[in-house]
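Novice: A structural model of the following input is requested.
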Amino acid sequence: MTSIKNFEHYTDSELIQSVLNGEQRLYELLIRRNNPYLYKIGRMYNFNHHDTEDLMQETFINAYYNLSKFENKSSFKTWISKIMLNHCFHKKQKLSYQKESPTEQLQEHKAPVFQQSSQLENKMMNKELGRIIERLLENLPEENRLVFAMRELNGLSTSETADVLGITEANVKTRLSRTKDMLRVEMEKIYTPDEIYEFNLVYCDRIVERVMSQLLK
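Specialist: Numbers count the residues shown, from 1 in each chain. Reported below is the predicted structural model:
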């Protein structure tokens, strides 16, 4: 059997077509590519780590069974983000849950808001500040958290974010600007967001295993 690594250069659209043609195992690559984005959405909805993983699993399984409905009108990331948001919304409506301050040290590799600091001596300080910023984000209005997650953490464009959230591009820009202002006041000169909400390899492997075990029964 050809190694799945041979397909890593495939675009999302090519992977989807291959999966629809019977190469189910290639769905793993779509899971791995989108795990970090869905994780941030769940956390910005203020679900804890465990609940977010459950929501991700539901989302990937739902997306798999509806893969033929993906029409390439938007990116796969945008499409599956909508599904994740829908699951988050319905879970929030059905369940009462206790908001949990994150205990994991998490990471994000995009940093368009804050100044970068490459100084090694600031590393431990930045880790602690990462925890602070996570708590700050949790206390922001939901509409601000979600826009921030889509634009700054998941790297969606303004138009893609508007599409996912069902709001205008003007609203995206306004909410993002306000959110940045809220966060920048205390943190701009001393914080790099390299630790915000990382979905690390251990978690990624676990989600892949959980989803694929359901799909390949």
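
Novice: Please make it C-alpha for all contacts and neighbour counts, starting now.
Specialist: OK.

Novice: contacting residues around R145?
Specialist: Under the criterion of C-alpha atoms under 8 Å, 6 or more residues apart in numbering, the contact list for R145 reads M44, Y45, L137, E138, T179.

Novice: Which helix or which strand is home to it?
Specialist: If you go by DSSP states H and E, R145 is part of helix 142-148.

Novice: mind listing what's buried in that helix?
Specialist: Residues of helix 142-148 classed as buried by neighbour count (16 or more other C-alpha atoms under 10 Å): N144, R145, L146, V147, F148.

Novice: ok, so of those, who is nearest R175?
Specialist: N144 (5.7 Å; C-alpha to C-alpha).

Novice: Just to check, T158 is in contact with N171?
Specialist: No: T158 sits out of contact with N171 when judged by C-alpha atoms under 8 Å, with a separation of 9.6 Å.

Novice: Of those two, which one has the most company?
Specialist: Just comparing T158 and N171: by other C-alpha atoms under 10 Å the higher neighbour count belongs to T158, 19 against 13.

Novice: picking up where we left off before, can you give the distance from the helix holding R145 to the centre of its chain?
Specialist: 12 Å (C-alpha atoms, centre = their mean, to the nearest Å).

Novice: centroid residue for the chain?
Specialist: Against the mean C-alpha coordinate of the chain, by C-alpha atoms, centre = their mean, the closest residue is Y37 at 2.0 Å.

Novice: Moving C-terminal from the host helix or strand of that one, which element do we reach first?
Specialist: Per DSSP H and E, Y37 falls inside helix 27-44. Next helix or strand after helix 27-44 toward the C-terminus (DSSP H and E): helix 49-65.

Novice: contacts for that next one?
Specialist: Contacts to helix 49-65, defined as C-alpha under 8 Å, 6+ apart, come from residues 27, 31, 35, 38-39, 42-43, 80, 83-84, 87-88, 102, 207, 210-211, 214-215.

Novice: could you dump that helix to PDB, C-alpha only?
Specialist: Taking C-alpha atoms only, helix 49-65 is exported to PDB below (Å, rounded to 0.1, in the frame of the first residue of the first chain):
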ATOM      1  CA  HIS A  49     -10.200  20.900  26.000                       C
ATOM      2  CA  HIS A  50     -12.200  17.700  26.400                       C
ATOM      3  CA  ASP A  51     -15.400  19.100  25.000                       C
ATOM      4  CA  THR A  52     -13.600  20.700  22.200                       C
ATOM      5  CA  GLU A  53     -12.000  17.400  21.200                       C
ATOM      6  CA  ASP A  54     -15.500  15.800  21.200                       C
ATOM      7  CA  LEU A  55     -16.800  18.600  19.000                       C
ATOM      8  CA  MET A  56     -13.900  18.200  16.600                       C
ATOM      9  CA  GLN A  57     -14.600  14.500  16.300                       C
ATOM     10  CA  GLU A  58     -18.300  15.100  15.600                       C
ATOM     11  CA  THR A  59     -17.400  17.800  13.000                       C
ATOM     12  CA  PHE A  60     -14.900  15.600  11.100                       C
ATOM     13  CA  ILE A  61     -17.300  12.700  11.000                       C
ATOM     14  CA  ASN A  62     -20.200  14.900   9.900                       C
ATOM     15  CA  ALA A  63     -18.000  16.500   7.200                       C
ATOM     16  CA  TYR A  64     -16.900  13.100   6.000                       C
ATOM     17  CA  TYR A  65     -20.400  11.900   5.400                       C
END
